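Student: One predicted model, sequence on top.
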Amino acid sequence: MPHMSEAESNNAIADRLPAVTPLGTPLDWAWLRGAPSEWGVHPKPGPRGLTMNDISVGTYGDVPEHAQRRSMAGRGSTVEGDVPDMGYILNKKSDVWADNVRELYEEAVARQWSATRDIPWGDLRELPSDMEHAVCQVFTTLTEIEMIAADLPAKWMWRMNHDYLEAKMFLCTQIMDEARHAEVFRKRALANGGGLLYSRSSGENLLRSILEAKTYTQATALLHLLGEGFILDIFRMGELIAPSPVEKKIFRMAMQDEARHVAYGTMHLRYAVENDPDVAEEIHEALDHGETLLATFGTNADFGSALAYLLGGGEEHIETKGFPLQEEMQRHQFTSYLSRCERAGISRVARTKLPLDLLGIDLSKVHGAPATAA
Amino acid sequence: MDNTTAIDATSLVLYEHLARRMNHREEHFRTLGEADMTVAIVVKAPDYNFTVQLVFEELRCAGVDVVTSDEAKLADFQLVGDLASWNAMFDNIVFNGAALGDFTINSLALRGNRISCESADPMGLDKFSRFNQTLQDFLDGAAHLDLTRSTT
């Protein structure tokens, strides 16, 4: 018998298969006969398994600058006939992409943790009432603001073209991260004899502004770069805020997640600006507004004062230690933010609405800032 | 390590032992997740600077090498501190079984007055946050190396 090629063999099988189901419905064996899609790419797993980078081979690794259709068909599949328009409005790679997005997705999957299991809840000890109140106020605010970083990606994801699947997958991990943060912060507020305390308008105004951003890139600037960058540094500050190893662990674990989100936002904005320079002004406008709101949020009567109280270790040292440490941390937060803006290709040094002099920002410490600005 | 060995943050052997310990505890580090970063630890001793580069890949510390200050700048971030600060951190780890309070690497680097976290690239700096618990657990391994407190 002459040797048959793989395609010939599959075609022969398809020819022998029934043309209709037992109920008389026509059958289509086109998938067995093969499709124009690339076949046999054989991605090789690395030491950590088969990663998204590993399978980005051949045409499957080609992410189009402009998506050709608006269906949920997987990138690289053969699409035949009419498919419904899913209503995607983010159809350019520069709308959503970041060069580190596949790496960040894998990192997120690998570094998930459990707020139920991985925090030593049993080690919580009763705190003085004033300290417990301060802890609970901080976690009340954090519980409130964390879910914006889930709601916002959720608002935009169904508008993202499916050709940019990896970006959507990363945002799915972010949503899971934020659910866990809301969970762990709410648990801490309730776990040690306290409860939830105040929510006020300054925080809500900032959240609403982020949620209502007109474009995804503006939303990313407000959320990932400004908002989450700010919160990332608060989590880092958790070492100084936390009254016990339990809260320190909470902050350290949440910090790792938050830093991934900031890394995506920073590199997305960079990609967006490099590939569509016109978008820079749109980002600046969003940040002009966001910085003003953030400065107001930073002086939030409840959150700010509770942070200072904890940083001071209580009433006695709030003025000698609490407020000075808070100012030092704010300088760090805004210096980090301005550095990330530089990395993203959106220099804010000359345009920022932040009161740099009042905050005592040393521009020479802003990485990448123009020398003249320093 | 010999149980009479005093902590010395300028000892390459210390970091090699920490790496070996990490590499034998894959299951522990798996719960934290993979980490990919290059860290330069710079210890400013009275007479010289000791710089060791740690390369973390997945669940392992895959490289421990003494490097020059120029090579250290290529790391994702550098942790720079004087000998007394580094030894104090390791003393705290050995005494408590893990770094506590002001002696976690995040605490030490937070204010930059004892150990500073430095990088020309904010994305490199952010890796300090992204993989912080892995780095902390790596350093906490010193508690299990039969070390005595430093002599400084």
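Tutor: It's in. Numbering: from 1, shown residues only, chains lettered A, B, ... in the order given.

Student: only C-alpha atoms for contact and neighbour calcs from this point on.
Tutor: Will do.

Student: Could you count how many residues lie near A:Met4?
Tutor: Neighbourhood size, A:Met4 [other Cα atoms under 10 Å in any protein chain shown]: 10.

Student: again but with A:Ala167, I slipped
Tutor: Here the number of neighbours of A:Ala167 (other Cα under 10 Å) works out to 25.

Student: Report the contact partners of it.
Tutor: Neighbour list for A:Ala167: A:Val96, A:Trp97, A:Ala98, A:Val101, A:Arg102 [criterion: Cα atoms under 8 Å, 6 or more residues apart in numbering or on different chains].

Student: ok, then the element right after the biggest helix by length in chain B?
Tutor: For chain B, the helix with the greatest residue count under DSSP state H is helix B:83-96. Next in sequence after helix B:83-96, counting helices and strands by DSSP states H and E, comes helix B:105-111.

Student: same for that following helix, what does it pack against?
Tutor: Identification of packing neighbours for helix B:105-111 by 3 or more Cα pairs under 8 Å, 6 or more residues apart in numbering or on different chains; DSSP states H and E yields helix A:228-241, strand B:115-118.

Student: ok, residues contacting it?
Tutor: Residues contacting helix B:105-111 (Cα under 8 Å, 6+ apart): A:236-237, A:239-240, B:79, B:89, B:99, B:101-102, B:114-117, B:132, B:136.

Student: ok, now stretch A:24-35?
Tutor: A:Ala7, A:Asn10, A:Asn11, A:Ala14, A:Pro18, A:Ala19, A:Val20, A:Thr21, A:Thr78.

Student: can you list those residues in TSV and add distance to B:Thr31 and pLDDT?
Tutor: Output for the contacts of stretch A:24-35, formatted as TSV (distance: Cα to Cα, whole Å; pLDDT from 0 to 100):
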residue	distance to B:Thr31	pLDDT
A:Ala7	45	89
A:Asn10	45	95
A:Asn11	48	95
A:Ala14	47	96
A:Pro18	50	96
A:Ala19	51	96
A:Val20	51	96
A:Thr21	49	96
A:Thr78	39	92
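
Student: List just the nearest of those residues to chain B.
Tutor: A:Thr78 (35.0 Å; Cα to the nearest Cα).

Student: With the flanking residues excluded, which residue is spatially nearest to that closest one?
Tutor: A:Ser37 (5.6 Å; Cα to Cα, 6 or more residues apart in numbering or on different chains).

Student: quick one, what contacts that neighbour?
Tutor: By Cα under 8 Å, 6+ apart, the contact list for A:Ser37 reads A:Gly76, A:Ser77, A:Thr78.

Student: swap in A:Arg351?
Tutor: Contacts of A:Arg351 (Cα under 8 Å, 6+ apart): A:Asp288.

Student: how near is it to A:Ala213?
Tutor: Distance from A:Arg351 to A:Ala213, counting by Cα to Cα, to the nearest Å: 20 Å.

Student: got it, and A:Arg102?
Tutor: For A:Arg102, the distance to A:Ala213 (Cα to Cα) stands at 25 Å.

Student: higher neighbour count, these two?
Tutor: Shown here are A:Arg102 and A:Ala213; by other Cα under 10 Å, A:Arg102 has more neighbours (22 against 17).

Student: right, and that one touches A:Ile55 too?
Tutor: No. Using Cα atoms under 8 Å, A:Arg102 makes no contact with A:Ile55, being 10.6 Å away.

Student: Let me see the contact set for residue 134.
Tutor: Since no chain was named, I'll use chain A. So A:Ala134 contacts A:Ala306, A:Leu307, A:Tyr309, A:Leu310 (Cα under 8 Å, 6+ apart).

Student: To clarify, I was referring to chain B.
Tutor: B:Thr134 touches B:Phe29, B:Leu32, B:Ala35, counting by Cα under 8 Å, 6+ apart.
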